[in-house]
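Asks: Return a 3D structure for these sequence lines:
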Amino acid sequence: MDLKVYYQKIRQIEATLGEAFVILVSFETPDGGRAGVRTEASRAVAAKAIVDGRARLASAEETAEHREQAAEARRTAEQTAAAGRMQITVVSEADLRALKSATRSKS
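Replies: Numbers count the residues shown, from 1 in each chain. Here you go, the predicted model:
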């Protein structure tokens with residue numbers, strides 16, 4: 001394989017990719033790569049994967065679906081983190097009355 005031609009192909013494909021990060025769909029590879037796995041990659045990494053025959057550029061529909069799934073996963077993670085930060089204290093009615101009377105006597 002001529003390395004000059006190889007890197008020229010990578011640069012050509014990288015130049016055609018519009019966004020800084022694109023979605024790729026993987027092909028099955030002999031070293032264990034699974035087909036149909038979507039991932040986000042920089043233009044340089046994406047161009048190399050395409051030239052190597054390990055992935056293809058995702059369609060507009062696949063890209064939108066992947067980004068929506070990523071946004072939903074981010075929202076779920078943020079909600080889980082927020083729930084972990086929330087603190088709840090259960091106070092009996094007698095303790096509540098004691099706290100109220102203590103705050104009234106300080107005022």
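
Asks: what's near enough to touch residue 34?
Replies: Residues near residue 34 by C-beta atoms under 8 Å, 6 or more residues apart in numbering: 26, 28. All C-beta atoms are positioned from the backbone trio N, CA, C, and that covers glycine.

Asks: Confirm it sits in a strand?
Replies: No: read with DSSP: H, G, I helix; E, B strand; the rest coil, residue 34 is coil and lies in no strand.

Asks: same for the helix or strand hosting residue 66, what does it pack against?
Replies: Assigned by DSSP states H and E, residue 66 falls within helix 60-85. Under the contact criterion of 3 or more C-beta pairs under 8 Å, 6 or more residues apart in numbering; DSSP states H and E, helix 60-85 touches strand 21-26, strand 38-42.

Asks: and the next element down the chain from the last one?
Replies: Translated: strand 38-42. Criterion used, DSSP H and E; the element after strand 38-42 is helix 43-52.

Asks: Please tell me how far stretch 30-49 is from the chain's geometric centre.
Replies: 15 Å (C-alpha atoms, centre = their mean, to the nearest Å).

Asks: what about dumping the CA coordinates of it to PDB?
Replies: Only the C-alpha atoms of stretch 30-49 are listed here, as PDB (Å, rounded to 0.1, in the frame of the first residue of the first chain):
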ATOM      1  CA  PRO A  30     -12.400  -9.600  11.600                       C
ATOM      2  CA  ASP A  31     -10.900  -8.300  14.800                       C
ATOM      3  CA  GLY A  32     -14.200  -8.400  16.600                       C
ATOM      4  CA  GLY A  33     -15.800  -5.100  15.600                       C
ATOM      5  CA  ARG A  34     -19.600  -5.200  15.600                       C
ATOM      6  CA  ALA A  35     -21.700  -4.000  12.700                       C
ATOM      7  CA  GLY A  36     -24.200  -1.200  13.100                       C
ATOM      8  CA  VAL A  37     -22.700   0.500  16.200                       C
ATOM      9  CA  ARG A  38     -23.100   4.300  16.000                       C
ATOM     10  CA  THR A  39     -20.400   6.500  17.500                       C
ATOM     11  CA  GLU A  40     -19.400  10.200  17.300                       C
ATOM     12  CA  ALA A  41     -15.900  11.000  16.100                       C
ATOM     13  CA  SER A  42     -13.800  13.900  15.000                       C
ATOM     14  CA  ARG A  43     -13.400  14.500  11.300                       C
ATOM     15  CA  ALA A  44      -9.800  13.100  11.300                       C
ATOM     16  CA  VAL A  45     -10.800   9.900  13.200                       C
ATOM     17  CA  ALA A  46     -13.900   9.500  11.000                       C
ATOM     18  CA  ALA A  47     -11.900   9.900   7.800                       C
ATOM     19  CA  LYS A  48      -9.400   7.300   8.900                       C
ATOM     20  CA  ALA A  49     -12.100   4.800   9.800                       C
END
